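1. here is my input, please return the structure:
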Amino acid sequence: MTWVCVGIGSNIDPERNICAALAALNRHFGPLLVSTVYANPPVGFVGDDFLNLVVRFDTDLPPPRLAAELREIEKCQQPSGKEVRFAPRALDLDLLLYADAVLIADGVRVPRRDITRYAFVLRPLAEVAGDCLHPLLGVTFAELWERFDQSHERLQPVVLPCAH
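-> Have a look, this model is predicted:
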């Protein structure tokens, strides 16, 4: 079994969609380590705030199969099935880490570049994998969060009953 971290985001009926995603991930993969849920403004467009979090779990699926499973879970929550970059999302599931693997294959890239770009990815990731090293940078995720310029992104913790 390999530990993985998956980012979860939604700004269309986010409470319902995130709770549905957590239930589906738990059914497919078993126990989840769940970060705090954070509200933050959208990036790249004007719209409703997103709710974002990161989960960590173990899997025996290789990265391409895991990514395909995540896409299937997303499709169950997407109203149109159509995905547009920088647009409102019912559900967005991103494979952030596959343990310490570094790979680009079959449309899967880990570690995901967004980890070091966005507070809404790095902060919850540091909660569930803070002692782990970034596979390319050799620095823990907790250290990366400490060094991150937090002045540009507003993150607000949110309590979701299903995320405990």
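
2. neighbours around the spatially closest residue to Asn26 that is not a sequence neighbour, how many?
-> By the measure of C-beta to C-beta, 6 or more residues apart in numbering, the closest residue to Asn26 outside its immediate chain neighbours is Leu32, 5.6 Å from it. Placement of C-beta: from N, CA and C, glycine included. Using other C-beta atoms under 10 Å, Leu32 is surrounded by 17 other residues.

3. and Leu32, what is it in contact with?
-> 22, 25-26, 55-57 (C-beta atoms under 8 Å, 6 or more residues apart in numbering).

4. looking at the residues you listed, which are in helices?
-> Those of the contacts of Leu32 mapping onto helices are 22, 25-26, per DSSP state H.

5. need the contact list for the nearest residue to Asp106 once chain neighbours are set aside.
-> Nearest non-adjacent residue to Asp106, counting by C-beta to C-beta, 6+ apart: Pro64, 3.9 Å away. Applying C-beta under 8 Å, 6+ apart, we find Pro64 in contact with 105-108.

6. mean confidence for stretch 20-39?
-> Averaging pLDDT along stretch 20-39 gives 97.

7. do a quick rundown of the helices in this structure.
-> So, for the chain - with DSSP H - the helices run 14-29, 63-77, 119-129, 141-147.

8. just the ones you listed: most buried one?
-> Among those, ranked by average contacts under mean count of other C-beta atoms under 10 Å, first place goes to helix 119-129 (a mean of 24).

9. what about Leu137, distance to Pro31?
-> 28 Å (C-beta to C-beta, to the nearest Å).

10. more crowded one of these two?
-> Between Leu137 and Pro31, counted using other C-beta under 10 Å, the more crowded position is Leu137 (13 against 10).
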